[in-house]
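Colleague: Could you look at this predicted model? Sequence included:
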Amino acid sequence: MAGHRADFQYEIYLRGMTGEVPRLPTDMSRLEELTERRLGPGPVGYVAGSAGNGSTARANRAALDRRRIVPRVLRDVHERDLSAEVLGRTLSAPLALAPVGVLSIMHPEAETAAALAAAAQGVPFVLSSASSTPMEQVAEAMGDAERWFQLYWAKDREVTRSFLERARACGFAVLVVTLDTPLLAWRPRDLDQAYLPFLRGVGTANYFTDPAFLSGLARPVHEDLDAAVLRFVDLFADPGKTWPDLAFLREHWDGPIVLKGVLHPDDARAAADAGMDGVVVSNHGGRQVAGAIAAADALPGVAAAVGDRLSVLFDSGVRTGDDVFKALALGARAVLLGRPYVYGLGLDGRAGVEHVIRCVLAEFDLTLALSGHAAPATVSAADLVEDAR
Ligand SMILES: Cc1cc2nc3c(=O)[nH]c(=O)nc-3n(C[C@H](O)[C@H](O)[C@H](O)COP(=O)(O)O)c2cc1C
Ligand SMILES: O=C(O)C(=O)c1ccccc1
């Protein structure tokens, strides 16, 4: 078989023989602290911050840390295949980059740099509705590399319809509908600094280039930024939506649809009943409901309820390759990587994002092999124990 993701390890050691060491740490759980030190409070506070006193974000980590892998030995793990079947497609590894808005606050090349890194590493990129780069521009840079579009389901039907049309026309294959953010939660780190990027017109590029959005403005955006921002704030999300409204999305999107932010098995069953194709078990990285259940604690229940009907994806708290392994063992088919790649972007642009993806996948490949598996599909609940709380 051609190379393994784990070969990145030898590449690093080989380079070391000429005196070179990696520009960024190889322990992805160290990136947050480094980024905070290098980039200063405003933007990093927005990325690292979460809802309430941060207990949900901490619970996400604790729920993964509490699960321990029980490795098996003397199984043939010489040749490994990391590919994963998700939403009727084959991914090269059970990993994609999570939708994260306003990436220009981390790096001037923003979403384009992250998308190119994902494309180069062969993992799907999920572009946020709140991207700082118009979707057409990101799509063009990506060529035919796998890309998914995350929808913030707007109050205005015409804006939603227009986003879906644009996303389809520029080659986004999967629609990820985020349901846990009908309102922005109480986020003390942002409140204390009175800092929200899109109030300055950052992260609104898809809206400010959209004909349906622009038709509701009395004057062009460059003449009245405040009015444009107010229209964005008013319509970007809709707390009035209910389950029957999903029919509208099913009607206007003919590819797979994934509901992001599902934590209850009954909501997962309702997603399947509504003709959806997948769910992302996620609490938005602890940024929405303060005090919410840890995403990893919600995962087994959702997987048991719909794992045979839907592709179950997972995010919130994934930092390292062993976290990816644990998520698979708890029932996920694939994992979305969030903050770590955003820190990689802030620290070293596209190269930083590539570094993060390569580290996580190399570590995952090694964890898989060292635990006695040659492919993700054989990982199961039997590979984990749970520490007593
Ligand atoms: C700065 C930031 C912005 C985000 N923006 C979006 C977004 O626009 N749409 C969305 O669905 N999720 C968004 N998320 C949530 C991520 O998709 C993902 O659920 C979360 O980052 C997972 O938690 P983790 O990064 O702690 O692993 C955002 C997260 C962060 C940190
Ligand atoms: O900050 C977030 O978590 C988020 O999802 C978001 C919401 C609106 C605009 C940009 C990002």
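Modeller: Structure's in. What do you need? Ligands and ions are numbered 1, 2, ... in the order given.

Colleague: For the rest of this, base every contact and every neighbour count on C-alpha atoms.
Modeller: Will do.

Colleague: Get me the contact residues on this protein for ligand 2.
Modeller: Gly101, Ala130, Arg287 (C-alpha under 6 Å from any ligand atom).

Colleague: Distance to ligand 1, secondary structure and pLDDT added to those, as TSV?
Modeller: Shown next, in TSV, are the residues of the chain next to ligand 2 (distance: C-alpha to the nearest ligand atom, whole Å; DSSP: H, G, I helix; E, B strand; the rest coil; pLDDT from 0 to 100):
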residue	distance to ligand 1	secondary structure	pLDDT
Gly101	4	coil	97
Ala130	5	coil	98
Arg287	7	coil	98
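
Colleague: what stretches of the chain score poorly on pLDDT?
Modeller: Across the chain, the ranges flagged by pLDDT under 70 are 1-2.

Colleague: Distance check, the most centrally placed residue in the chain against Leu127.
Modeller: Residue closest to the average C-alpha location in the chain (C-alpha atoms, centre = their mean): Ala98, at 1.4 Å. Using C-alpha to C-alpha, to the nearest Å, we find Ala98 at a distance of 8 Å from Leu127.

Colleague: tell me the contacts of the residue nearest to the centre of the chain?
Modeller: Phe125, Val126, Leu127, Asp315, Leu336, Leu337, Gly338 (C-alpha atoms under 8 Å, 6 or more residues apart in numbering).

Colleague: Which of those residues has the largest number of neighbours?
Modeller: Leu127 (30 neighbours; other C-alpha atoms under 10 Å).

Colleague: Which residues are in contact with that residue?
Modeller: So Leu127 contacts Ala98, Pro99, Val100, Glu111, Met135, Arg147, Trp148, Phe149, Gln150 (C-alpha under 8 Å, 6+ apart).

Colleague: Which of the helices or strands spans the last one?
Modeller: Pointing back at Gln150 there. Secondary structure from DSSP states H and E places Gln150 in strand 147-151.

Colleague: packing partners for that strand?
Modeller: Under the contact definition 3 or more C-alpha pairs under 8 Å, 6 or more residues apart in numbering; DSSP states H and E, strand 147-151 sits against strand 125-127, strand 174-178.

Colleague: what's the spacing between the helix or strand following that strand and its chain's center?
Modeller: Where DSSP H and E defines the elements, the next helix or strand beyond strand 147-151 is helix 157-169. A distance of 21 Å separates the centroid of the chain from that of helix 157-169, by C-alpha atoms, centre = their mean, to the nearest Å.

Colleague: tilt between helix 157-169 and strand 174-178?
Modeller: Orientation note: helix 157-169 sits at an angle of 150 degrees relative to strand 174-178 (axes from the mean of the first three to the mean of the last three C-alpha atoms, to 10 degrees).

Colleague: Pull helix 157-169 out as PDB, backbone CA atoms only.
Modeller: Extracted in PDB, the C-alpha atoms of helix 157-169 (Å, rounded to 0.1, in the frame of the first residue of the first chain):
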ATOM      1  CA  ARG A 157     -36.700  32.500   2.800                       C
ATOM      2  CA  GLU A 158     -35.300  34.200  -0.300                       C
ATOM      3  CA  VAL A 159     -31.900  34.600   1.300                       C
ATOM      4  CA  THR A 160     -31.900  30.900   2.300                       C
ATOM      5  CA  ARG A 161     -33.000  29.900  -1.100                       C
ATOM      6  CA  SER A 162     -30.300  32.000  -2.700                       C
ATOM      7  CA  PHE A 163     -27.600  30.600  -0.400                       C
ATOM      8  CA  LEU A 164     -28.600  27.000  -1.400                       C
ATOM      9  CA  GLU A 165     -28.600  27.900  -5.100                       C
ATOM     10  CA  ARG A 166     -25.200  29.500  -4.900                       C
ATOM     11  CA  ALA A 167     -23.700  26.700  -2.800                       C
ATOM     12  CA  ARG A 168     -24.900  24.100  -5.200                       C
ATOM     13  CA  ALA A 169     -23.800  26.100  -8.300                       C
END
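
Colleague: how much does it deviate in direction from strand 147-151?
Modeller: Calculated by the same axes, to 10 degrees, helix 157-169 forms an angle of 170 degrees with strand 147-151.

Colleague: From the contact counts, what lies against helix 157-169?
Modeller: helix 135-142, helix 211-214.

Colleague: which of the residues in that helix are buried?
Modeller: Under the neighbour-count criterion of 16 or more other C-alpha atoms under 10 Å, helix 157-169 has Val159, Thr160, Arg161, Ser162, Phe163, Leu164, Arg166, Ala167, Arg168 buried.

Colleague: which bits of this protein sit near ligand 1?
Modeller: Checking the chain against ligand 1 by C-alpha under 6 Å from any ligand atom, the hits are 46-47, 98-101, 128, 130, 178, 282, 284-285, 315-318, 337-339.

Colleague: How about the contacts made by the spatially closest residue to Gly261 that is not a sequence neighbour?
Modeller: Distance criterion C-alpha to C-alpha, 6 or more residues apart in numbering; nearest residue to Gly261, sequence neighbours excluded, is Ser282 at 4.7 Å. Contacts for Ser282 (C-alpha under 8 Å, 6+ apart) come out as Lys260, Gly261, Val262, Leu263, Ala295, Phe314, Asp315, Ser316.

Colleague: from the residues you listed, which ones fall inside helices?
Modeller: Among those, the members found in helices (DSSP state H) are Ala295.

Colleague: can you map out the strands along this protein?
Modeller: Taking DSSP state E, the strands of the chain run over residues 67-69, 84-86, 89-91, 95-97, 125-127, 147-151, 174-178, 257-262, 278-281, 311-314, 334-337, 384-386.

Colleague: In a markdown table: the ones you listed, plus distance to Val229.
Modeller: Output for the strands of the chain, formatted as a markdown table (distance: least, C-alpha to C-alpha, whole Å):
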| stretch | distance to Val229 |
| --- | --- |
| strand 67-69 | 44 |
| strand 84-86 | 37 |
| strand 89-91 | 37 |
| strand 95-97 | 27 |
| strand 125-127 | 20 |
| strand 147-151 | 18 |
| strand 174-178 | 21 |
| strand 257-262 | 25 |
| strand 278-281 | 29 |
| strand 311-314 | 32 |
| strand 334-337 | 29 |
| strand 384-386 | 47 |
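
Colleague: Many thanks, I have nothing further to ask.
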